[in-house]
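K.L.:
Model the following, please.
(chains A and B)
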Amino acid sequence: MKTILPLLFLALVIIFIKPGSSSNFWLIIFVFFQSTLLFFLFEEKLHTVLPRKMVLLAVPILIGMFIIGSGIYKNTFDVTSLERNQLWVRRELYRRELGYLGRIGFGNRFIEQTKLVVDKVNQKITEPYELTHYFSTENFSFYPLFFLPFFALGLLFMLSTKIKLTLYYLGLATIGAVLVPPDMTYWLFTPLINLGLLLGVTIIMKLFKVKTE
Amino acid sequence: MNKFQKAVLIIIVSVAFFLRFYELYRVPPGLHADEASQGFNAFSLIKTGKDMYGKSFPMLFRASGSYQPPIYTYLTIIPTIIFGNSIFTVKSVSAMSGVGLVLLTYFLISSLSPKSKKEAITLGLIAAGIVAISPWSIHFSRLAVEANLGVLIFVAGVYLLASSLNKISLFPLACLVLGLSTHAYYSERVIAVLLLAFVVIGFRNIFFKTKRITAFGLGIFVLILLPHLFLLTTGALTKRLSQVSYLGTVSQEKVTFTGKGLEIGKQFVNHYLIYDSPKNLFFDPGSSLGRTTPDLGVFYPWMLAPFLIGLGYLFKNRQNNFFKIILALLLIAPIPAALTGDLFYPLRTLDYLWAIAVVISLGIFEVWGKIKNNWVKMLATLGLVGYSLLVFGISYFVIFKYELAIGSGEPYVKLMPILDRYKDKEIRVDFSGRSWGAGIRMTYLKTVDPRLVQANLKSQLKTNYYSRDVNAQEIFKIDNITFEPMNWPKVCGPNLILVGDELSFSSEQIANHKLKEEFTVPDYLGKPILFGYSTQTVCK
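P.N.:
Residues are numbered from 1 along each chain as shown, chains lettered A, B, ... in the order given. Sure thing, here's the model as predicted:
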């Protein structure tokens, strides 16, 4: 019962994902399975049901399948003519400002190679870190605002008790975000939010129980 | 504190000082209208005891169609006496506040954190280091913004307030400093009140035991807030809020009370969440360069991981009094900014950003404790600090000035020596939204006699000094130079020089008025940005 109820919650919470977030059957399956795996990972008591190492391995495998299923996005490093123009202008600035260092290519190499890659990757991975995409009063957000306090509580609980696991999943989801098409990046983070909601609700229920006793 | 720790603190403060004062007169380029107003008001107070409108020692300074909190301007009197009127002078108060915040962060964290003495010092040094190199702190320390002074005074108030939980006699002083912070910047008017209420109610077992001291402290706080109440009746206090907030727009759009309430609630929540988004804090530089530096967020991207670790640590140890205050600050501090319509405006949330810097340092401290090898610790520190400063240096000292120069009025600073060549002519500089602050900027940098400015601006005052309606279109006059909107029927005669940008003069107007190009002012890339013309037409 202790396992079934949370899983039922994880399944039910998907119903609340707003239609504006363009979900489909496969995305919902991914979110549900990944949320379940995370639940098994975070809930230490369940390690006898599914060994921890197995879950630790299953999480990236599922993300890998999600990446393959959504198709690897090959245009991450494409440079638009506007960006090319900006880079050209900035290269001139480097030459001017850095003097000798600029002439030997220090600034140029940095701006043209490293910076471009970093910028493109940054653009790709930062979008899913926008909280209002998941919770806000606008239609584009994934969840109704009502869930936010539960998520905030759950997230704080996750960060205070299972920081390594949280960072492990965030790291994997971030890598995944670089590889999948831009509109798919949010779905990689949704399972963690589902788990946050579950933990938040659990904490509230425990608090309520203690108070009523 | 041992010798090594002292040396580290000296290095951190020196780095903070260098990052805030290096080429302060040149980067960011130019001088904003608000900065120039602060500088000139300070100069005017020294010379006449009155501001540029002739008001004796105001509680709010009227400037650029709004009002400025007073403490920054009053403090600018000190560097003005020492250095005279200059870009460096007006920014130095903010830069010094930035250095002060680094030092204060060290003392606050090392004395209030619930660690052993040695650990507390290490945590204090980390926190000071994080504030010293954080893009937001350097960026706003290099602009003459009241908010940067506001955060220093506010954090001093937080320090005293948290200390008063152990030593109640400090409570009146904490109230005094928190009260003062409300006169330093707008955000503190909300945050200081809410934080004080939270602490007094949250720790009522401490404060209600010593009712006399508590009442005395709160009395001081209310007393310091009294000028705000007076200003509230004039409409001057809320002038800035009405300019930047969505509250007025919603009130006009929605008819029913419930509709207004719901819409305001919706706007507030959405704006509040923007300040909690890791994307805005650690990655996205935003579209306006007045808010951040090119390609950098208010914190470096690598700080996200320690922030999450620190947040977890903070929550786990939330029973500790000091951590409770930091958690409360994280919740309270974005409220004023969330009441405004901008999507992400770090200037209004410096107290919040400071609290986040503390959380990041807690996260780093946690990781620090896990690393046993000192060489790894040293290499990791040098690597991260080196990377951060390299990225910041390139963004700020190379690109920033090129991409902000026009907005901050840099071409009008370059215009000044050129106009000196035309002392025998009448010069009219086109005044529009594009040349915002051109008049006050030149008035300040040319050290114009404040009495002349007072006479000129006083004659243009259409309302009381403190008022809801503030004229933003005042005409400035400096000797032979007038800053006013272009009046084409009056453009004639051999002694007239017209100055404006490319939108000020159409090709038709140039042809009709037989304008002859006298000079151009280029931007940093060499593109002409301001044009000076003489006219050949005869006056009728």
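K.L.:
helices and strands around the one helix or strand A:K209 maps to, which ones?
P.N.:
If you go by DSSP states H and E, A:K209 is part of helix A:185-212. Counting contacts by 3 or more C-beta pairs under 8 Å, 6 or more residues apart in numbering or on different chains; DSSP states H and E, helix A:185-212 packs against helix A:4-13, helix A:25-42, helix A:52-70, helix A:148-161, helix A:163-179. (Glycine included, C-beta is placed from N, CA and C.)
K.L.:
can you tell me which residues contact the residue in chain A that chain B sits nearest to?
P.N.:
Nearest to chain B in chain A, going by C-beta to the nearest C-beta, is A:L159, at a distance of 3.1 Å. Counting by C-beta atoms under 8 Å, 6 or more residues apart in numbering or on different chains, A:L159 touches A:166, B:308-309, B:311-312, B:315.
K.L.:
and what of A:P149?
P.N.:
Shown in contact with A:P149 (C-beta under 8 Å, 6+ apart): A:G200.
K.L.:
quick revisit: out of everything not next to it in sequence, what's closest to the residue of chain A closest to chain B?
P.N.:
Excluding the flanking residues, the one nearest A:L159 by C-beta to C-beta, 6 or more residues apart in numbering or on different chains is B:G312, at 3.1 Å.
K.L.:
Spit out the contact partners of whichever residue of the stretch 51-200 of chain B sits closest to chain A.
P.N.:
Here the residue of the stretch 51-200 of chain B nearest chain A is B:P135; by C-beta to the nearest C-beta that distance is 14.6 Å. Contact analysis of B:P135 by C-beta under 8 Å, 6+ apart lists B:292-293, B:296-300, B:392, B:395-396.
K.L.:
ok, the closest residue to A:E97 other than its chain neighbours - how many residues close by?
P.N.:
With C-beta to C-beta, 6+ apart as the measure, B:V398 is the residue that lies nearest to A:E97, at 4.6 Å, once sequence neighbours are left out. Counted with other C-beta atoms under 10 Å in any protein chain shown, the neighbours of B:V398 add up to 20.
K.L.:
now do A:F42
P.N.:
Count around A:F42 with other C-beta under 10 Å applied: 19.
K.L.:
ditto for the one 5 residues further on
P.N.:
Other residues lying near A:H47 total 14 when counted by other C-beta under 10 Å.
K.L.:
gap between the two ends of stretch B:277-296?
P.N.:
15 Å (C-alpha to C-alpha, to the nearest Å).
K.L.:
you'd agree B:G297 is in a helix?
P.N.:
No: counting by DSSP: H, G, I helix; E, B strand; the rest coil, B:G297 is not part of a helix but coil.
K.L.:
Report the contact partners of it.
P.N.:
By C-beta under 8 Å, 6+ apart, the residues touching B:G297 are B:135, B:280-285.
K.L.:
will you turn these into a markdown table that also has secondary structure and pLDDT?
P.N.:
A markdown table is the format used below for these (DSSP: H, G, I helix; E, B strand; the rest coil; pLDDT from 0 to 100):
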| residue | secondary structure | pLDDT |
| --- | --- | --- |
| B:P135 | helix | 93 |
| B:N280 | helix | 88 |
| B:L281 | helix | 90 |
| B:F282 | helix | 90 |
| B:F283 | helix | 84 |
| B:D284 | coil | 75 |
| B:P285 | coil | 61 |
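K.L.:
in what helix or strand does the closest residue to chain A within chain B lie?
P.N.:
When distances are taken as C-beta to the nearest C-beta, chain B reaches nearest to chain A at B:G312, 3.1 Å away. B:G312 is located in helix B:304-316, with elements delineated by DSSP H and E.
K.L.:
Starting from that helix, tell me the next helix or strand along the chain.
P.N.:
Next helix or strand after helix B:304-316 toward the C-terminus (DSSP H and E): helix B:321-332.
K.L.:
tell me the average confidence for the helix or strand that that following helix is followed by?
P.N.:
Sequence-wise, the next helix or strand downstream of helix B:321-332 (DSSP H and E) is helix B:335-338. On average, the pLDDT along helix B:335-338 is 93.
K.L.:
Check which helices and strands the helix or strand that comes right after helix B:335-338 is in contact with.
P.N.:
Note on helix B:335-338: by DSSP H and E, the next helix or strand toward the C-terminus is helix B:350-370. Counting contacts by 3+ C-beta pairs under 8 Å, 6+ apart, helix B:350-370 packs against helix B:87-112, helix B:117-133, helix B:135-141, helix B:146-164, helix B:186-202, helix B:304-316, helix B:321-332.
K.L.:
I appreciate the help and will end here.
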